[in-house]
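K.L.:
Compute the structure for the input listed below.
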Amino acid sequence: MTVTSPTPTFTSSKFDLLSQESHSGKSTNEVLMRDICEIPVFQPLMKIKKRLVQKDSHHIEASLELLKLRKINNPNLFLNKTALVVGVKFLEEIYELYVEFLGEKEGFQFRTGFDKYNIKKNINFLYSAIAVEEKYWVGVVVNLEKRSITTFNCAAMKFTYASLVPYINAYAMALPFMFRNFFKDVSMDTSKFSIKIVSEGFPQVLKIEDNGVYALKLIECHAMRIVDLTKLSEEKIASIREKLAVDIFSELQ
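P.N.:
The predicted structure follows:
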């Protein structure tokens, strides 16, 4: 995993989503769980059974919004100070324009509206996630300083390096042009970003329906420079999922 920290630090259970304990406390957690299970929009997140990844998109986006909010409210916990959580929609919008972009790379102008992501020139990292084959989420870290894209593949036995490259390659080609046009800086390098697909150093999913939670956890760990990922396991994924639903419900309302 491409993170370094001379003295790895761990966040408290209040903010670390890898913790099985809810920051709300056991009794409050039980009440929130009961309330959440009665809300239709949260029911797909709470269910363990298989479901299509597109049904999870708004839950992934909400989880990234939660991470964004925590970074704003508790910047001391996020060691990547020049990082920005842009969410799922950012890469989805680029994907929608990709075919059009291929037809005229040099002169292509991305539609207005990317300014809503508040990307500044001092930002070095972008955090997001993409869906592969409409059933598999991978966490994505764009390093603007090193001009690279790292993705965390937690289902390497099913989704090989070769099968993921075409998806990541599209962003590796488009992002340099997008940033040059966005910043209106003709001197910016538009050569393709390098690609790194990481599948070692963290547990692999046993059930493909758990991949969204894994992807979110890997992004969070990268942002917080957490290098010990032993807590992210199949045995604990149900608790992590439940805590995530509780935190989205309690912190984003």
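K.L.:
could you give the mean pLDDT of stretch 190-209?
P.N.:
The pLDDT scores in stretch 190-209 average 89.
K.L.:
buried residues in it?
P.N.:
For stretch 190-209, burial by neighbour count (16 or more other C-beta atoms under 10 Å) applies to Thr190, Phe193, Ile195, Ile197, Val198, Ser199, Phe202, Pro203, Val205, Ile208, Glu209. C-beta coordinates here come from the backbone N, C-alpha and C atoms, glycine included.
K.L.:
remind me, longest helix of the protein?
P.N.:
Scanning the chain for the longest helix, with DSSP state H as the assignment, gives helix 161-183.
K.L.:
Would you list the strands that the helix or strand just after that helix pairs with, along with their directions?
P.N.:
Following helix 161-183 in sequence order, the next helix or strand is strand 194-198 (DSSP states H and E). Strand 194-198 has its sheet partners listed here by DSSP bridges as strand 148-152 (parallel).
K.L.:
and the partner strand, what's its mean pLDDT?
P.N.:
Mean per-residue pLDDT for strand 148-152: 95.
K.L.:
tell me which residues in that strand are buried?
P.N.:
Buried residues in strand 148-152, defined by neighbour count with 16+ other C-beta under 10 Å: Ile149, Thr150, Thr151, Phe152.
K.L.:
what ranges of the stretch 151-253 of the chain fall below the confidence cut-off?
P.N.:
Across the stretch 151-253 of the chain, the ranges flagged by pLDDT under 70 are 253.
K.L.:
can you do 90?
P.N.:
Within the stretch 151-253 of the chain, the stretches with pLDDT under 90 are 157-158, 166-167, 170, 177-186, 200-253.
K.L.:
where exactly do the strands run in the protein?
P.N.:
For the chain, the strands defined by DSSP state E occupy 83-85, 125-132, 136-143, 148-152, 194-198.
K.L.:
closest one to Ile219 among those strands?
P.N.:
Nearest to Ile219, of all the strands of the chain, is strand 136-143, at 4.2 Å by C-beta to C-beta.
K.L.:
Please enumerate residues in contact with that closest one?
P.N.:
2, 53, 56, 60, 91, 124-132, 148-155, 158-159, 164, 168, 171, 175, 193, 208, 211-212, 214-216, 218-219, 222 (C-beta atoms under 8 Å, 6 or more residues apart in numbering).
K.L.:
what do you get if the cut-off is 7 Å, keeping everything else the same?
P.N.:
Applying C-beta atoms under 7 Å, 6 or more residues apart in numbering, the contact partners of strand 136-143 are 53, 60, 91, 124-132, 149-153, 155, 159, 164, 175, 208, 211-212, 215-216, 218-219, 222.
K.L.:
Each with direction, which strands does that strand pair with?
P.N.:
Next to strand 136-143 in the sheet, as set by DSSP bridges, lie strand 125-132 (antiparallel), strand 148-152 (antiparallel).
K.L.:
Might you calculate how far the shortest one sits from the centre of the chain?
P.N.:
By that I understand strand 148-152. Distance, stretch centre to chain centre, for strand 148-152: 11 Å (C-alpha atoms, centre = their mean, to the nearest Å).
K.L.:
got it, and stretch 168-182?
P.N.:
18 Å.
K.L.:
Check stretch 204-214 too.
P.N.:
Distance of stretch 204-214 from its chain centroid, counting by C-alpha atoms, centre = their mean, is 14 Å.
K.L.:
rewinding a little: send the alpha carbons of the longest helix of the chain over as PDB?
P.N.:
Output of helix 161-183 as PDB, limited to C-alpha atoms (Å, rounded to 0.1, in the frame of the first residue of the first chain):
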ATOM      1  CA  TYR A 161      -5.000  -6.200 -12.900                       C
ATOM      2  CA  ALA A 162      -5.600  -6.600 -16.600                       C
ATOM      3  CA  SER A 163      -9.400  -6.300 -16.200                       C
ATOM      4  CA  LEU A 164      -9.200  -3.100 -14.100                       C
ATOM      5  CA  VAL A 165      -6.600  -1.300 -16.300                       C
ATOM      6  CA  PRO A 166      -9.100  -0.200 -19.000                       C
ATOM      7  CA  TYR A 167     -11.200   1.600 -16.400                       C
ATOM      8  CA  ILE A 168      -8.300   3.300 -14.700                       C
ATOM      9  CA  ASN A 169      -6.600   4.100 -18.000                       C
ATOM     10  CA  ALA A 170      -9.500   6.300 -19.100                       C
ATOM     11  CA  TYR A 171      -9.100   8.600 -16.100                       C
ATOM     12  CA  ALA A 172      -5.300   8.500 -16.500                       C
ATOM     13  CA  MET A 173      -5.700   9.900 -20.000                       C
ATOM     14  CA  ALA A 174      -8.500  12.400 -19.300                       C
ATOM     15  CA  LEU A 175      -7.500  13.900 -16.000                       C
ATOM     16  CA  PRO A 176      -4.400  15.700 -17.200                       C
ATOM     17  CA  PHE A 177      -6.400  17.500 -19.900                       C
ATOM     18  CA  MET A 178      -9.200  18.200 -17.500                       C
ATOM     19  CA  PHE A 179      -6.900  19.900 -15.000                       C
ATOM     20  CA  ARG A 180      -5.100  21.900 -17.700                       C
ATOM     21  CA  ASN A 181      -8.400  23.200 -19.000                       C
ATOM     22  CA  PHE A 182      -9.800  23.700 -15.500                       C
ATOM     23  CA  PHE A 183      -6.900  25.800 -14.300                       C
END
